[in-house]
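K.L.:
Kindly generate the corresponding structure for this input.
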Amino acid sequence: MRSPRYTILIANRNSGAVRRLTLTRRTTVFVLAGLAVLPLLIGLGVSGADPVELESLRMANDSLRLENDSYRAATGELAEQISSLQTALSELGDQGQLDPAARQALERLPAVVRSRSAGGEFAAAARLPVAPPTETPESTFGLLRGLLGAIETRLASVKTKVADQQALLRATPSTWPVIGWLTSVYGNRKDPFTGEPDFHAGLDISAQTGTPVKATADGTVEMADINGNYGKCIVIAHGFGIGTRFGHLSGFAVRPGQQVRRGDIIGYVGSTGRATSSHLHYEILINGQPINPLRVLSRP
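P.N.:
Numbers count the residues shown, from 1 in each chain. Have a look, this model is predicted:
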């Protein structure tokens, strides 16, 4: 028996021509089966891609995601460290600012003493140049690490300067040891016993016997004993080559080797030694040599 045939007419609308396509049943079945199987074959082709290549692409994607996350975390951490150090610099700069009275006392010290301390203003220390933004992660990390290192170095320098200045401030005899009448000043004068020309190495401050005498700066008691014309005498070493001497005391409130702070009571006014009345003889020494205390002392 002859196989059935199918005719497909294809007409051209423009020319009106008609073409005939005759297919047997078997050919028609093959064509329809091919059209049905084509999507399945395409899917199988995709699913059959090289699994090694797919795994490589997945790993590369995961690696890029981790690298991006690590980059953001690292730059964020560096930025936080830089911000913290800049805050510390700003705080140290504030600590380095002195009140007018303290500044005046420090400025009146001899240059040889001030040179032993870094001193100065520190507000500018917190200002560091900022480079323009960069484009690659490596250059960004390099910039941040460089900036972090520069701030750390500056912070260490400022810490040292602030510490030195504060130590010098504590060692500067800027307050009066006792409140009383100033009866003799530093310099040439007539000796109260002989009337001959004499050099007076300190200040004589008249006060009642037993009036407390206070340390004028932080330091260590070097001597608390009888010392010739000074009578009962105290000597305090303050560091930076600065010392103070208190003479004609009636008694001691400290002992050698004791640490004292500005304002601590160290002894009591008297008239021991070569003295004509109850008073305190007070000296400021730089490297063992007396200077005029009025150069340093604030108003009582």
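
K.L.:
Need the per-residue pLDDT for the nearest residue in space to residue 253 that is not next to it in sequence.
P.N.:
Once flanking residues are discounted, residue 253 sits nearest to residue 265: 5.0 Å by C-beta to C-beta, 6 or more residues apart in numbering. In short, each C-beta sits where N, CA and C put it, glycine included. For residue 265, the model assigns a pLDDT of 97.

K.L.:
where are the low-confidence patches of this protein?
P.N.:
For the chain, the stretches with pLDDT under 70 are 1-152, 154-155, 158, 298-300.

K.L.:
Tell me which strands the longest strand along it pairs with, and in which orientation.
P.N.:
Criterion DSSP state E: the longest strand present in the chain is strand 242-252. Counting by DSSP bridges, the strands paired with strand 242-252 are strand 232-239 (antiparallel), strand 265-269 (antiparallel), strand 279-286 (antiparallel).

K.L.:
What is the burial count for residue 231?
P.N.:
18 (other C-beta atoms under 10 Å).

K.L.:
what's the closest non-adjacent residue to it?
P.N.:
Using C-beta to C-beta, 6+ apart, the nearest residue to residue 231 is residue 273, at 2.5 Å.

K.L.:
Quick check: phi and psi on that neighbour?
P.N.:
Main-chain dihedrals, residue 273, degrees, to the nearest 10: phi 80, psi -150.

K.L.:
How about the contacts made by it?
P.N.:
226-233, 247-248 (C-beta atoms under 8 Å, 6 or more residues apart in numbering).

K.L.:
which one of the strands paired with strand 242-252 lies closest to residue 201?
P.N.:
With C-beta to C-beta as the measure, strand 279-286 is the member of the strands paired with strand 242-252 nearest residue 201 (5.5 Å).

K.L.:
So which residues make contact with the closest one?
P.N.:
With C-beta under 8 Å, 6+ apart as the criterion, strand 279-286 contacts 109-110, 112-113, 173, 177-178, 180, 183, 201-207, 213, 230, 241-249, 269, 271, 275, 290-293, 296.

K.L.:
tell me the secondary structure for residue 159?
P.N.:
Under the three-state scheme (DSSP: H, G, I helix; E, B strand; the rest coil), residue 159 adopts helix.

K.L.:
235 is where my numbering starts, stick with that
P.N.:
Got it, first residue is 235 now, which makes that one residue 393.

K.L.:
That one and residue 400: what is the separation?
P.N.:
For residue 393, the distance to residue 400 equals 11 Å [C-beta to C-beta, to the nearest Å].

K.L.:
go on, residue 406?
P.N.:
Distance from residue 406 to residue 400, by C-beta to C-beta: 11 Å.

K.L.:
More neighbours: those two, which one.
P.N.:
Ranked by neighbour count (other C-beta under 10 Å), residue 406 and residue 400 place residue 406 first, with 26 against 15.

K.L.:
Got the phi and psi for the more buried one?
P.N.:
phi -90, psi 120.

K.L.:
thought it was touching residue 529?
P.N.:
No - if you go by C-beta atoms under 8 Å, residue 406 and residue 529 don't touch, sitting 11.1 Å apart.

K.L.:
Endpoints of stretch 493-502, how far apart?
P.N.:
18 Å (C-alpha to C-alpha, to the nearest Å).

K.L.:
ok, now stretch 485-505?
P.N.:
End-to-end for stretch 485-505, by C-alpha to C-alpha: 10 Å.

K.L.:
Check stretch 424-443 too.
P.N.:
24 Å.

K.L.:
Name the residues that touch that stretch?
P.N.:
With C-beta under 8 Å, 6+ apart as the test, stretch 424-443 has contacts from 410-423, 479, 481, 484, 502-505, 508, 510-518, 524, 527-528.

K.L.:
let's see it at 7 Å
P.N.:
412, 414-423, 484, 503-505, 510-517, 524, 527 (C-beta atoms under 7 Å, 6 or more residues apart in numbering).

K.L.:
And stretch 410-419, by the same measure?
P.N.:
So stretch 410-419 is contacted by 434, 437-441, 445, 447-448, 450, 480, 503, 513-514, 516, 528, 531, 534 (C-beta under 7 Å, 6+ apart).

K.L.:
Give the buried residues for that stretch.
P.N.:
Under the neighbour-count criterion of 16 or more other C-beta atoms under 10 Å, stretch 410-419 has 410-412, 414 buried.

K.L.:
biggest separation within those residues, which pair?
P.N.:
Longest span within the buried residues of stretch 410-419, C-beta to C-beta: 411 and 414, 9.6 Å.

K.L.:
Cheers, nothing more for now.
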